[in-house]
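J.: Structure, please.
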Amino acid sequence: MAEEAKKAPAKKERKVKEPAEAPVEAAPAAAPQTGAAAPEGKKPVSGKNMYHFMGEAWKDPSSDAMKQLMWQRLVDWRKEGTYVRVDKPLRLDRARTLGYKAKPGVVVVRTKVRKGGLRKHRIKKGRRPKRKGILKITMRKNIQRIAEERTAKRYPNLEVLASYWVGEDGRHKWFEIIMLDPNHPVIKSDPKLNWICSTKHANRANRGLTPAGKKGRGLVRTRGMGVEKNRPSLRAHNRQGT
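T.: Have a look, this model is predicted:
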C-alpha cells in the first residue's frame, strides 16, 4: 500500500485568480505657492533677462566683479587714439535703450575727453591771484556734450543719436557715441530711425538736441516755477534764464 501511494501522481492545486484592484486615482497637484522652493533638478525662473543683469553690473563699476576688468580696459584705452570706432557697444543694455540697432548705417565710436575745467592760461601782468580768473571756471556744458560735439566734427557725414559713459580715470573720460548715417538706405527705410534723415535734425549735437544736450539745457528734470525761460531755449528769451 505504501508503494502504491508513492506511485500515484500528486494532484496539482489550481491557482485562484484574485480580483484586480481598482486603480487609485492620483491626487491633483497642489497649486504652486509664491515663494515656495523649486523642485530638485529645476532652476527657479526669475523673469529677468540678460539686459537686467548687465545694467546691475554697470551700476557699480568699482565692485569686485568689475574692478579688475575695468582696470585692464583703461590700460588698453590709454594706448589708443582719441576716436576709436568699435564693432559693438560695450554697454549693450544702455545702447539699445537709446536706440541702437545692429544694422548697416549705425556706427559706435568711443571718444576720449579730458577732465577738469577750461585750462585757462595764467596771466603774467599785475593783479592779485584772486582776480586772475584761472581756477574754478568751467563751461556751462558738461564733458559728455563736448565729446558728442567733437565726434560730430570728426565724422561730418554722420549724426549723433545719443551717448553714454563707459569709463574714466584721473585725467580722461570715455564715452561711446551712437551715430547714424542719414543718407544710408537702411536708415531711410527704418520707421524708428528715419526721423533723423530730416534736415531739421541736422547738426543736432551742436544744437543741444541729444539726450545729454537736453539735460544740460535744463529740459529734462526741471519744470515749472523758476525755469519758465528754459523753454524753448534761453536764446529765445534773450539769455534771461538761469
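J.: Give me the phi and psi angles of residue 113.
T.: Here is the backbone geometry of residue 113 (degrees, to the nearest 10): phi -130, psi 140.
J.: Report the separation between residue 129 and residue 116.
T.: For residue 129, the distance to residue 116 (CB to CB, to the nearest Å) stands at 19 Å. In this view, the C-beta of every residue, glycine as well, is placed from N, C-alpha and C.
J.: Over to residue 122?
T.: Taking CB to CB, one finds residue 122 at 15 Å from residue 116.
J.: shouldn't residue 164 be in contact with residue 95?
T.: Yes - with contact defined as CB atoms under 8 Å, residue 164 reaches residue 95; the gap is 7.1 Å.
J.: Now the common contact residues for these two.
T.: Residues touching both residue 164 and residue 95 by CB atoms under 8 Å, 6 or more residues apart in numbering: residue 176.
J.: and residue 106, bridged to which residues?
T.: Beta-bridge pairing of residue 106, defined through DSSP bridges, involves residue 180.
J.: Am I right that it is in contact with residue 100?
T.: Yes - taking CB under 8 Å as the definition, residue 106 is a contact partner of residue 100 at 6.4 Å.
J.: quick one: common contacting residues for those two?
T.: With CB under 8 Å, 6+ apart as the test, residue 106 and residue 100 both reach residue 178.
J.: I'd like to know the average pLDDT value across stretch 72-91.
T.: Averaged over stretch 72-91, pLDDT sits at 95.
J.: and the longest helix for the protein?
T.: Counting by DSSP state H, the longest helix found in the chain is helix 64-78.
J.: Partner strands of the helix or strand following that helix, with direction?
T.: Using DSSP states H and E, the helix or strand that follows helix 64-78 in sequence is strand 83-86. Strand 83-86 has the following sheet partners, assigned by DSSP bridges: strand 106-114 (antiparallel).
J.: so where does residue 149 fall, helix or strand?
T.: helix 143-154.
J.: Which elements pack onto that helix?
T.: strand 106-114, strand 159-168, strand 172-180, helix 211-216 (3 or more CB pairs under 8 Å, 6 or more residues apart in numbering; DSSP states H and E).
J.: Give me whichever of these is most buried.
T.: Per-stretch averages of neighbours, counted by mean count of other CB atoms under 10 Å, single out strand 172-180 among the helices and strands packed on helix 143-154, with a mean of 23.
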